[in-house]
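# below are the sequence and a predicted model for it; my questions follow.
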Amino acid sequence: MCGIIGYVGNRKAQDVILKGLSRLEYRGYDSAGAAILNHDGVDLIKRQGKLKILADALAKKPIEGKTGIGHTRWATHGIPNDRNAHPHTDCTGKIAVVHNGIIENYLELKNSLLKDGHKFSSQTDTEVIPHLIEKFYKGDLEKAVVKAIKLLKGSYAIAVVHKDSPDRVVGARLDSPLVVGIGKGENFIASDVPAILDYTNSVLYLDNNEVVTITRSGVKVSDISGGQINKKPVKIKWDISAAEKSGYPHFMLKEIFEQADVLRKVLEERTERGKVSFEELKITDAELKKFKRIAIVACGTAYHAGLTGKYMLEEYAKIPVWVDTSSEFRYRDPIVGPGTLVIIVSQSGETADSLAALREAKKRGAKVLGICNVLGSSIAREADGVIYTHAGPEIAVASTKAYTAQLGILYLLTLYLARLHKTITPARYKGLLKEFERVPRLMDDLLGEYRSEYNTIAAYAQEFKRYYFARQNKSYFLYLARNINFPNALEGALKLKEISYISAEGYPAGEMKHGPIALIDENPWVVCIATQSKTYDKMLSNIQEIKARGGIIIAIATEGDKEILHHKVNYMLEIPKVAELFSPLLVVIPLQLLAYYVAKEFGYDIDQPRNLAKSVTVE
Ligand code: M6R
């Protein structure tokens with residue numbers, strides 16, 4: 001978590017830093033700060049709270065200077081306050097450091113630095129870094145940084161400035177992302193591409209144990225033993241408008257509405273003349289044929305996409321699939337080896353648990369396929385093969401379009417493997433692909449219903465809020481579904497709780513009778529996914545059971561379903577008719593919108609919910 005930026009050039013560093021941090025705020029937003037080099041030395045400013053507070057302070061009292069570093073924080077060590085905000089400095093105040101990651105051995109380092117007489121002023125792990133650099137600095141900042149990072153255990157992406165090394169920023173990384181932006185007469189480093197895309201689309205991705213020095217006139221990358229590395233810049237194809245709200249009140253809403261196009265792109269890029277192809281896969285068909293089973297490993301929403309993948313892969317490609325959360329997988333003794341294809345699904349490609357799971361799987365001899373959104377991310381680079389989702393930057397903390405894109409890729413992978421293993425006939429393959437190709441259009445139609453601010457889901461959210469207060473805040477949500485839509489029940493609940501802070505759980509509807517039904521009285525609102533499917537009748541019985549106990553029901557049904565109306569559901573949301581296999585892609589839209597409108601009703605910060613950050617690069 002945390003976002004860092006460094007700049008050297010001819011612009012006002014303050015402006016570049018603030019703009020860059022505004023594009024990194026999704027990574028953390030409990031405090032922010034900057035250090036700018038000028039004739040006074042290192043001019044430091046830090047503020048607890050959202051970036052706006054720092055921006056307001058800088059508007060009142062601007063800092064001059066054309067070289068600087070900035071940080072937006074998601075607290076790990078030390079509460080969010082001005083003191084713990086980055087940048088952190090050494091005893092002399094000449095060195096300033098911003099850091100993303102965790103220094104696991106900071107206590108040991110701190111104790112030894114304290115013994116040497118260093119004075120600390122924060123509770124952070126980061127503060128050991130400027131003191132170590134101070135200890136090693138003998139006139140060459142890069143050398144001092146290298147000596148310091150050799151002592152660090154954990155993960156870091158850092159940017160460092162020193163009063164006596166004007167016009168230069170030194171950066172380094174280990175297990176936290178760092179990109180270098182190459183401009184004309186100016187250069188940048190940042191945690192993620194959107195931070196620098198206003199100025200350049202030419203970037204280098206720094207690898208682990210690499211150190212970069214940027215000056216106005218150049219970029220030098222070396223490894224920690226001092227060997228220079230020649231890296232080839234990559235051109236970023238999307239422009240900055242993709243990372244802006246474009247008239248929507250929130251990124252989340254914008255990203256929900258982008259989903260039909262995202263899916264269209266997934267299909268266009270991976271299908272040709274009625275066939276699925278994954279050109280960049282780097283895992284051959286012969287290898288794919290040999291895998292006896294698949295393990296899908298991921299976190300959060302990506303995990304839910306993986307769970308849906310299990311249903312489709314097992315049914316159509318006839319391969320046993322197990323799905324695990326990365327944080328569990330990495331600390332178990334997972335039975336994976338050369339016969340297993342491990343698929344790591346991750347929007348950011350930087351999630352620490354997923355990256356560790358990837359390494360564990362590789363260590364055990366498994367082939368790893370990454371399904372990632374962020375180009376050049378750690379998971380994409382370390383996996384044996386990668387399929388990019390190309391959903392464009394996802395800024396809202398609550399993941400929406402990345403989920404759709406992950407599902408899209410998993411559908412195509414299912415068809416690809418089914419064809420390879422000959423588990424479906426060519427005619428069935430063709431028919432399924434055709435049905436899949438209808439989905440973006442159906443999604444357009446469905447989203448079209450919710451374009452107006454005053455739509456059915458917004459009205460239900462208002463109704464929920466009234467009910468919630470009438471029942472002394474005791475109402476909450478349950479999400480029930482069966483079969484391939486069960487992961488959507490988990491996803492609907494996750495979306496709602498992460499942005500509206502209202503308790504929400506997802507269950508397989510058949511599990512209700514084994515315990516959760518004890519919860520049902522007049523308090524919960526129960527979202528029942530009851531679209532046309534082989535388990536439709538079972539869902540209707542579950543609806544009856546909930547109604548009989550006083551629960552309020554929002555049914556998600558297939559359009560034209562008259563039967564469900566006889567079951568006296570309180571509210572209903574329809575999705576267009578589609579084959580059951582592809583229904584999760586449509587069902588998730590009302591679930592995402594319900595979470596969005598409930599959070600909006602309650603007046604919460606939708607794009608930056610409390611305690612969360614977009615990419616979780618710490619354990
Ligand atoms: O970047 P990743 O896909 O690896 O992130 C995984 C989760 O942290 C992420 O999906 C998280 O659960 C979202 N906030 C959910 O909306």
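Arrived safely. Residues are numbered from 1 along each chain as shown.
# how about the strands of the stretch 401-550 of the chain, start to end?
Under the criterion DSSP state E, counting those that start in this stretch, the stretch 401-550 of the chain contains strands at 476-481, 504-508, 524-529.
# now the angle from the shortest one to strand 524-529?
What separates the directions of strand 504-508 and strand 524-529 is an angle of 40 degrees, with axes from the mean of the first three to the mean of the last three Cα atoms, to 10 degrees.
# quick one on the thing from earlier: quick one: closest of the strands of the stretch 401-550 of the chain to the ligand.
strand 504-508 (12.6 Å; Cβ to the nearest ligand atom). Using the backbone N, CA and C atoms, a C-beta is placed for each residue, glycine as well.
# show me what counts as buried in the closest one.
For strand 504-508, the neighbour count (16 or more other Cβ atoms under 10 Å) marks 504, 505, 506, 507, 508 as buried.
# what about the closest residue to the ligand within the chain, how many neighbours?
Across the chain, the shortest distance to the ligand (Cβ to the nearest ligand atom) belongs to residue 300, at 1.9 Å. Summarising burial for residue 300: neighbours were counted as other Cβ atoms under 10 Å, giving 24.
# what does the one 10 residues further on give?
Burial of residue 310, expressed as a neighbour count using other Cβ under 10 Å, amounts to 20.
# what do you get for residue 93?
14.
# so is it in a helix, a strand, or just coil?
Here residue 93 takes the coil state, with states given by DSSP: H, G, I helix; E, B strand; the rest coil.
# spell out which residues of the protein are next to the ligand.
If contacts are counted using Cβ under 6 Å from any ligand atom, the residues of the chain sitting beside the ligand are 299-302, 346-348, 351, 354, 397-399, 494, 498, 615-616.
# before we move on, back to that, reformat the strands of the stretch 401-550 of the chain as TSV; add mean pLDDT.
Supplementary listing: those in TSV, determined by pLDDT from 0 to 100:
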stretch	mean pLDDT
strand 476-481	97
strand 504-508	97
strand 524-529	97
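# average pLDDT across the helix or strand hosting residue 144?
Take DSSP states H and E as the rule and residue 144 turns out to sit in helix 141-149. Across helix 141-149, the average pLDDT comes to 97.
# any idea which helix or strand comes after it?
Per DSSP H and E, the helix or strand that comes after helix 141-149 is strand 154-162.
# helices and strands around that following strand, which ones?
strand 3-8, strand 67-73, strand 95-103, helix 128-136, helix 141-149, strand 169-174 (3 or more Cβ pairs under 8 Å, 6 or more residues apart in numbering; DSSP states H and E).
# how about residue 64: what's its closest non-neighbour residue?
Closest residue to residue 64 apart from its sequence neighbours, by Cβ to Cβ, 6 or more residues apart in numbering: residue 38 at 4.9 Å.
# what residues are up against that neighbour?
By Cβ atoms under 8 Å, 6 or more residues apart in numbering, the contact set of residue 38 is 63, 64, 65.
# show me which of those residues are buried.
Judged by neighbour count, with 16+ other Cβ under 10 Å as the criterion, the buried members of the contacts of residue 38 are 63, 65.
# out of the contacts of residue 38, which are inside strands?
The strands, defined by DSSP state E, take in nothing from the contacts of residue 38.
# would you mark the buried spots in stretch 126-145?
126-137, 141-145.
# just how off-centre is that stretch within its chain?
Taking Cα atoms, centre = their mean, to the nearest Å, the mean C-alpha location of stretch 126-145 is offset from the chain mean by 32 Å.
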